[in-house]
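**Q** would you be able to build a 3D model of this:
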Amino acid sequence: MANKILRIVLVIVLFLVFFEVGLVSSYTIVTSEVPNFHGLVDMQISKITELFSPETVNDVLVKDPTPLNISNKKEVASKMEELSEVDGINIDSMNITTYEDPGNDNFTVNIEALGYESPNSTSGQIVISQTPSYKVIAKGNATYKNHLLYVDANTLKINSVLKLY
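**A** Numbering: from 1, shown residues only. Predicted coordinates for the structure are as follows:
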């Protein structure tokens, strides 16, 4: 029994050693610099503790996101279009949610929308497609002004632009 436990611990230790060696060597290859081993380990530990922090786990597991309607969809869509470098954002597909309390003065919202790429031209013909090419995910700050919900377009940050197939 003790032999099995020792083997399992040895396999876990070897896995961690090979993972760290691979991380350090890939960092060296990509950056052509000597890696800051202490900084790499600190980064890994902070990401893992952030992932398993009680606030993050409770926010995601305890409650569902609250869907919201905002008043400045066109302004937000044009800013998302500019930041994500797509050629159009579908306002009708915009999905705005938050995990925070919408009763606060200032809170963070997550915005998902479908994006379009420029029309393709082949042999002199322009083909305009109504199918979206991208899914754009952004995050920004929202506030209430005159009992209407506004997203500050200047606080928008694009989390990802996913290519749809």
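**Q** please enumerate the helices of the protein.
**A** 2-31, 37-51, 54-62, 73-84 (DSSP state H).
**Q** looking at the ones you listed, which is buried most?
**A** Across the helices of the chain, averaging neighbours per residue (mean count of other CB atoms under 10 Å) puts helix 73-84 on top, at a mean of 18. C-betas here are computed from N, CA, C, even on glycine.
**Q** show me what that helix is packed against.
**A** strand 88-89, strand 106-116, strand 134-145, strand 157-163 (3 or more CB pairs under 8 Å, 6 or more residues apart in numbering; DSSP states H and E).
**Q** what's the angle from the second one to strand 134-145?
**A** In terms of direction (axes from the mean of the first three to the mean of the last three CA atoms, to 10 degrees), strand 106-116 departs from strand 134-145 by 150 degrees.
**Q** give the pairing partners of strand 106-116; include direction for each.
**A** strand 88-89 (antiparallel), strand 95-98 (antiparallel), strand 134-145 (antiparallel) (DSSP bridges).
**Q** deepest in the core, which of the helices and strands packed on helix 73-84 is it.
**A** strand 88-89 (a mean of 22).
**Q** what does it contact?
**A** 77, 78, 80, 81, 113, 114, 115, 116, 136 (CB atoms under 8 Å, 6 or more residues apart in numbering).
**Q** which pair of those residues spans the longest distance?
**A** Spanning the widest gap among the contacts of strand 88-89 are 78 and 114, at 14.9 Å by CB to CB.
**Q** count of residues packed around the residue lying closest to residue 112 once chain neighbours are set aside?
**A** Spatially, and ignoring its direct neighbours in sequence, residue 112 is nearest to residue 95 (4.5 Å; CB to CB, 6 or more residues apart in numbering). Other residues lying near residue 95 total 13 when counted by other CB atoms under 10 Å.
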